[in-house]
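K.L.:
build me a model from this:
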Amino acid sequence: MRRDGRGRGTGVAAAAALVCALGTSAAPGPAYAAPGEPEPTRGGAGGTASGAGRLEKVRSQVDGLYRQAESATDAYNLAREKQTRQERSILRIARAVVKTRKEMAGLRERAGALARAQYRGGGMPAEARLLLDDDPGGFLDDFALARKGEKAARGLMNRLEHTRTALDRYADSASREWERLDRSRARKAAAKKEITEKLARARRLESRLAAKERDRLRQLQEERGRASQAKWLKTGILREVGGRSSSVGRRAIDFATAQIGKAYVWGAVGPDAYDCSGLTQRAWASAGRAIPRTSQEQWRLLPKVDTARMRPGDLVIYFKDASHVGIYVGDGAIVHAPRPGRQITLTGAGSMPILGVVRPDAS
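P.N.:
Numbering: from 1, shown residues only. Predicted coordinates for the structure are as follows:
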């Protein structure tokens, strides 16, 4: 890709400028309540006033369902990450238990040998042995060694006690991790069920439309995005936004824009398909920066910057629940994975309600 003097890819900049001028395409709209499904159309009623109103209702329902599914996808991805961490934690605990049990067995063997040695000595008090021994000088030497042995025995018993305590602690930790793992699995299953239901209902709504209405539905979604973008641009935001991307930010942008045209698939992290945060995570990973998996965690954990200070490479987080994210590429545009049934694309940064901006490479 050729670059201009500001370090931006000219291909991306030109496309972004077009997005800035024309608005956006294929952008998810804001969340709406989802009332009952409308009846299927018997003809091309989308051109009448009543048909247009009904189609607008379908649009708001479909957009709302996809938004709800996207929010549940973040919950699913976060639960899946927690489940993976907890499984690894349990494995570490199991390995530590095996190691500690081996140590316990060795200590017990040494304690048994010590007890047997004391038994062979008859258990006679040291003072009596001194009086009866034919060689008091030799006994004193032996007595000094015995004292050292007694000290070693006490140390051995202390180690045994500490090892038993460690095993008890590992057992408690394993129990807690199993409980957390079960909760994560339950949250993951619940989120997956919600996602499946929302996506199925959205597809069912769309499938009940006539072909011309489906085309018009997509146009309505695009028009709404363009209107939001135009409103955002009227604030004069681009007169303030003008920072240059960092070198790692540029690499993240290059990766993300190279995925344009690939499908959105919920839970996907490439290489053939992505969800919104899967794309941003992989883009920044390609630039050498590890960031959280979900848009909600990206919003919560990454450094925030004022929208007026955003620069190419920053992540723009959308909606009050931080359920969508895109990478700012400059000139008022982002690259993002919109929703199921759509492909990764360039769109207006203001085409959806912006929650805020985060910067993975903030110094």
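
K.L.:
in this protein, spot the strand with the most residues.
P.N.:
strand 324-330 (DSSP state E).

K.L.:
could you point out which element follows that strand?
P.N.:
strand 333-336 (DSSP states H and E).

K.L.:
so how far is that next one from its chain's centroid?
P.N.:
20 Å (C-alpha atoms, centre = their mean, to the nearest Å).

K.L.:
returning to that earlier point: and the longest strand of the chain, which strands flank it?
P.N.:
strand 315-318 (antiparallel), strand 333-336 (antiparallel) (DSSP bridges).

K.L.:
mind putting those strands in TSV, distance to G243 included?
P.N.:
Placement of C-beta: from N, CA and C, glycine included. Compiled in TSV, the strands paired with strand 324-330 are given as follows (distance: least, C-beta to C-beta, whole Å):
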stretch	distance to G243
strand 315-318	14
strand 333-336	15
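
K.L.:
ok, which of those strands comes nearest E213?
P.N.:
strand 333-336 (26.0 Å; C-beta to C-beta).

K.L.:
what is the least confident helix or strand in this structure?
P.N.:
Here the helix or strand of the chain ranked lowest by mean pLDDT, DSSP states H and E is helix 126-132, holding a mean of 46.

K.L.:
for this structure, what spans make up the helices?
P.N.:
10-22, 49-120, 126-132, 136-207, 211-234, 237-240, 247-258, 276-286, 295-301 (DSSP state H).

K.L.:
what helices and strands are in contact with the fifth one?
P.N.:
By that I understand helix 211-234. helix 10-22, helix 49-120, strand 345-348 (3 or more C-beta pairs under 8 Å, 6 or more residues apart in numbering; DSSP states H and E).

K.L.:
now that helix and helix 49-120, what's the angle there?
P.N.:
80 degrees (axes from the mean of the first three to the mean of the last three C-alpha atoms, to 10 degrees).

K.L.:
got the angle between helix 211-234 and helix 136-207?
P.N.:
Using the same axes, to 10 degrees: helix 211-234 against helix 136-207 is 120 degrees.

K.L.:
low pLDDT regions in the stretch 251-363 of the chain?
P.N.:
363 (pLDDT under 70).

K.L.:
show me the contacts for the residue nearest the centre of the chain.
P.N.:
For the chain, the residue nearest the mean C-alpha position is R293 (2.5 Å; C-alpha atoms, centre = their mean). Residues near R293 by C-beta atoms under 8 Å, 6 or more residues apart in numbering: 77-78, 81, 269, 277-278, 281.

K.L.:
top of those residues by neighbour count?
P.N.:
Neighbour counts for the contacts of R293 (other C-beta atoms under 10 Å) peak at S277, which has 32 neighbours.
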